[in-house]
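Asker: Fold the stuff below for me.
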Amino acid sequence: MRYAKGHKEETRRAILEKAAYRFRQDGINAVGIKTLMSDAGLTHGGFYAHFRSRDALVAEAAEEALRRTYERLKSVTANAEPERRLDAFVAGYLSPQHFEDMSGGCAGAALAPEIAREDEETRRRFRRGIERIVEYLADLLPAGGTDADRHERAHSIFALMMGSVQLARIGVDRRSARSILAGAKASALAMAETPWAGTEPARHGQAIASA
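Answerer: Below you'll find the model as predicted:
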């Protein structure tokens, strides 16, 4: 049977998208190749025509999931006024909707503990995806600081947010989860607005007095 041009690429993409979804929903170790191929409407035997191994699929699917997280966060900030984009990023990531949507949410929050036990290549590709998000967050921080300062602060803020989503998901009490997310939002914004080294915050009333 002959397939239309591009069929193999489309099939591979379908497997990859299903894997990115399933891994976040059920966990990497809980999902087998047979399940993924069934999700994509394919037979188990056809898997190796698209990926050399399950490990190769895990690495690429994790990278794909983080790419989607990056694009989602960019879209959250796109419609905000420039001075509100950091708020939009933080609020979007720590929203109840994101907390409840593990299968479609941040791959970092959903998969980081499992990825830490995967091979070096998978960890490297996953870290690269995280770094892309961190660099975007660094660009949203208030003006000032060196590139290294901004990157370090963005890392800390993202780690706080990612860990808070993980912690909120552990519990069974939705009210407690929302409290964790609200506290994380306040802390993340406070970290972002901390004066950079070598600068001093404006004293209360200073701007008014000099106007």
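Asker: so who does residue 84 touch?
Answerer: Listed by CB atoms under 8 Å, 6 or more residues apart in numbering, residue 84 has no contact partners. C-beta here means a position set from N, CA and C on the backbone, and glycine is covered the same way.
Asker: So the closest residue to residue 88 other than its chain neighbours versus residue 74, what's the distance?
Answerer: Nearest residue to residue 88, sequence neighbours excluded (CB to CB, 6 or more residues apart in numbering): residue 80, at 3.9 Å. For residue 80, the distance to residue 74 equals 11 Å [CB to CB, to the nearest Å].
Asker: and these two? which has more neighbours close in?
Answerer: The neighbour comparison of residue 80 against residue 74 (other CB atoms under 10 Å) goes to residue 80, with 16 against 13.
Asker: Backbone dihedrals for the more buried one, please?
Answerer: phi -90, psi 150 (degrees, to the nearest 10).
Asker: Check the contact between it and residue 87; I expect there is one.
Answerer: Yes. Assessed by CB atoms under 8 Å, residue 80 is found in contact with residue 87 at 7.3 Å.
Asker: Which pLDDT value does the model give the residue nearest to residue 88?
Answerer: Looking at residue 80, its pLDDT reads 92.
Asker: Repeat that for the one 3 residues further on.
Answerer: As predicted, residue 83 sits at a pLDDT of 92.
Asker: Next: residue 49.
Answerer: Residue 49 carries a pLDDT score of 78 in this model.
Asker: ok, it - how many residues close by?
Answerer: Per other CB under 10 Å, the neighbour tally for residue 49 reads 10.
Asker: Which parts of this structure are strands?
Answerer: For the chain, applying DSSP state E gives no strands.
Asker: residues touching the spatially closest residue to residue 155 that is not a sequence neighbour, list them.
Answerer: Once flanking residues are discounted, residue 155 sits nearest to residue 134: 5.4 Å by CB to CB, 6+ apart. By CB under 8 Å, 6+ apart, the residues touching residue 134 are 151, 154, 155, 158.
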